[in-house]
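Asker: Below: sequence and its predicted model.
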Amino acid sequence: MAQIGYSKKVMEHFMNPRNVGVIENPDGYGNVGNPVCGDLMEIFIKVKDDKIEDIKFRTFGCGSAIAVSSMVTEMAKGKPLEEAMKITRKNVADELEGLPPQKMHCSNLGADALHQAIKDYWVKTGKIKPEQQKA
Amino acid sequence: MCGIYLDYQSASPVDPRAREFAERYLTREFGNPSALHAVGLAAKAAVEEARAKVAELVGAEDPSSIIFTGGASEANNLALRGTALRNAGKGKNLLASAIEHISVLNPMKDLKKGGFELSLIPVDGNGIVDLAALESMLSKETILTSVMYANSEIGTVEPIRETSDIVHKKGMYLHVDATAAVGRIPVDVQKDGIDLLTISSNDIYGPQGAGALYVNPGLKIQPVLFGGGQERGFRPGTENLFAIAGFGEAARLAAIEMDEESCRLKAIRDGLIREISKIDQAYLTGHPAKRLPHHVSFRFSRIEGESILLTLDAFYNIQVSTGSACSSRTLEPSHVLLAIGLKHIEAHGSMVMTIGRYNNPDQIPLIANAVSKTVQRLRELSPL
């Protein structure tokens, strides 16, 4: 049966989002989406010993966009950067016990924002060149 | 906490009196109105009684000008396809306001594939149809113009009499989708000069699964569904007796109670608009005065409508609606909000409340407080 509405897990994260907010002077910053499309998220990370020590997000968007952001920050927190880079959109959707099909693309941007934040950190620390950040 | 339902425009509870009246047609008086025996004749009489009640509500002199359908969307399809196809010899041009319901716009778009031309009449920032534009768009080729009585997303009531005068001066026909208006404000096909009128049962607290199309006896249309000869051949299929009888009774009750009920709703509406307007960067959508008595619609900057809907539902047990793209199946923002000139990002933050029978003025502060807290919460989450 096609999924109607959101899973309990999505609603739980929507109602109690984890890691909301801003990190002043973050080590890495990612921002994806477009308010015109209705979804925009930003992720801030603090890195220590190549691990994500702290992570915060802010999101403009629908229920799933907020739940995805919350979930991806929870999944990434404490992880080594290389491991956090491997978190995919599908992993996030699976952890949320699925997303409605029409939401899989537009609001499932959490992993992208996380990857951008990590690459931003790598650019700042000279591990990758700025032109590699977009890839 | 007890829930507060504010989405009457999308579904309304059936009036217990209408249900009680119609229940007999589910059980004891269940006949087929086409059958010639006593049980069938009783069913036929029930359908005709309902027809007279619905005709009375919208000022149609001849009850036979009312065709029962399966709902308002079907009535819109019959009005547009039935008129366009029957009158194709006279012209190919169709006009519709830019804020019509999709059950008007989509049949018209489909007619385009069959060689008709569709032009959309613009509306102003409050959603009022541009009459000067309408006048300039009408041509000898125009066979049908469709302008809704009132819009369900922004609550704006259209100048139907003026629209009708312009259309009739050129000898054309006017279809009016009055789904959101009937039972809430006076709608009179004679006084308003309407050739085709769409009416919904559930919007006046009748059962779902019934609607009606009024067709001016002077106008020729053709059926779009084919089968038996029910509804003078314009809507084949055994009648939905329970829904039609309930629709009729709801229409009778609406005719008696509308004025008082609308007055009551208007007071609640104005209280909600006053309180919600106090929220920072909250903007009323639709016309501030020419507005349905039960309709409250806003947009809020920097937040998204589906999140507003979910937060109000999950935290406050308050049910509202939104025109946000994120809650639509197509993920496109509402064409109504774009037509009144909102940018995509502005259209995302829309919230629609439609109040009804079971709302009361005591709920105003509860609702306004919940909306205020919801907006604040979502703005704290927002990077904008």
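Answerer: Happy to help now that I have it. Numbers count the residues shown, from 1 in each chain, chains lettered A, B, ... in the order given.

Asker: From the contact counts, what lies against the strand or helix carrying residue B:367?
Answerer: Following DSSP states H and E, one finds residue B:367 within helix B:363-381. Contact partners of helix B:363-381 among helices and strands, from 3 or more CB pairs under 8 Å, 6 or more residues apart in numbering or on different chains; DSSP states H and E: strand A:51-60, strand B:4-5, helix B:241-276, helix B:305-316. C-beta: built from backbone N, CA, C; applies to glycine.

Asker: now those in CSV, with mean neighbour count, distance to residue B:381 and mean pLDDT?
Answerer: Output for those, formatted as CSV (neighbours: other CB atoms under 10 Å in any protein chain shown; distance: least, CB to CB, whole Å; pLDDT from 0 to 100):
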stretch, mean neighbour count, distance to residue B:381, mean pLDDT
strand A:51-60, 22, 6, 96
strand B:4-5, 20, 24, 97
helix B:241-276, 20, 20, 98
helix B:305-316, 22, 8, 95
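
Asker: I'd like the ones you listed as TSV, with distance to residue A:69 appended.
Answerer: Below are these laid out as TSV (distance: least, CB to CB, whole Å):
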stretch	distance to residue A:69
strand A:51-60	4
strand B:4-5	29
helix B:241-276	27
helix B:305-316	12
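
Asker: do you know which of those lies nearest residue B:289?
Answerer: Distance to residue B:289, taken as CB to CB, is lowest for helix B:241-276 among the helices and strands packed on helix B:363-381, at 10.6 Å.

Asker: how much does that closest one deviate in direction from helix B:363-381?
Answerer: 70 degrees (axes from the mean of the first three to the mean of the last three CA atoms, to 10 degrees).

Asker: Which elements pack onto helix B:241-276?
Answerer: Judged by 3+ CB pairs under 8 Å, 6+ apart, helix B:241-276 is in contact with helix B:16-23, helix B:38-57, strand B:295-300, helix B:363-381.

Asker: Now do the second one, average pLDDT.
Answerer: Same thing as helix B:38-57. In this model, helix B:38-57 has a mean pLDDT of 97.

Asker: where in the chain is pLDDT low?
Answerer: I'll assume chain A. A:1-4, A:106-107, A:134-135 (pLDDT under 70).

Asker: looking at chain B here, not the other one
Answerer: Looking at chain B by pLDDT under 70, you get B:1-2, B:325-331.

Asker: So what touches stretch B:112-122?
Answerer: Contacts of stretch B:112-122 with the rest of the structure, by CB atoms under 8 Å, 6 or more residues apart in numbering or on different chains, involve B:84, B:88, B:92-98, B:108-109, B:111, B:129-130, B:133-134, B:137, B:141, B:145, B:147, B:339.

Asker: Please convert the buried members of these into ChimeraX selection syntax.
Answerer: For the buried members of those, the matching ChimeraX selection, counting by 16 or more other CB atoms under 10 Å in any protein chain shown, is:
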select /B:84,92,93,94,95,96,97,98,108,111,129,133,134,137,145,147,339
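
Asker: tell me which residues form a beta bridge with residue B:5?
Answerer: Beta bridges link residue B:5 to residue B:319 when assigned by DSSP bridges.

Asker: I'd say it and residue B:363 touch.
Answerer: No. Applying CB atoms under 8 Å as the test, residue B:5 and residue B:363 come out as separate, 10.1 Å apart.

Asker: re earlier: go through the helices and strands packed on helix B:363-381 and name the closest to residue B:30.
Answerer: Residue B:30 lies closest to helix B:241-276 among the helices and strands packed on helix B:363-381, at 7.0 Å (CB to CB).

Asker: Determine how far that closest one lies from the middle of the whole chain.
Answerer: 13 Å (CA atoms, centre = their mean, to the nearest Å).

Asker: Count residues in the vicinity of residue 66, would you?
Answerer: By default, I'm working from chain A. Per other CB atoms under 10 Å in any protein chain shown, the neighbour tally for residue A:66 reads 32.

Asker: that answer is for a different chain, and I need it for chain B
Answerer: 25.

Asker: so who does it touch?
Answerer: Counting by CB under 8 Å, 6+ apart, residue B:66 has contacts B:51, B:54, B:55, B:60, B:212, B:213, B:214.

Asker: Which of those ranks first by neighbour count?
Answerer: residue B:212 (33 neighbours).

Asker: Quickly list what that residue is bridged to.
Answerer: Beta-bridge partners for residue B:212, by DSSP bridges, are residue B:68, residue B:199.

Asker: Hmm, it is touching residue B:57, no?
Answerer: No. Between residue B:212 and residue B:57 there is no contact under CB under 8 Å: 9.7 Å.

Asker: who touches both of the two?
Answerer: Counting by CB under 8 Å, 6+ apart, the shared contacts of residue B:212 and residue B:57 are residue B:199.

Asker: thinking again about what came up before, for the helix holding residue B:367, buried residues please.
Answerer: B:363-364, B:367-368, B:370-372, B:374-375, B:377-379, B:381.

Asker: swap in stretch A:13-28?
Answerer: A:13, A:14, A:17, A:19, A:20, A:23, A:26, A:27, A:28.

Asker: The last one against residue A:113, yeah?
Answerer: No. Distance between residue A:28 and residue A:113: 10.5 Å, which falls outside the contact criterion (CB under 8 Å).

Asker: so what's residue A:35 closest to, chain neighbours aside?
Answerer: residue B:345 (4.7 Å; CB to CB, 6 or more residues apart in numbering or on different chains).

Asker: How many neighbouring residues does the one you found have?
Answerer: 19.

Asker: helix or strand for it, which one?
Answerer: helix B:344-347.

Asker: Helix, strand, or coil at residue 9?
Answerer: As the question left the chain open, I've gone with chain A. With DSSP: H, G, I helix; E, B strand; the rest coil as the basis, residue A:9 sits in helix.
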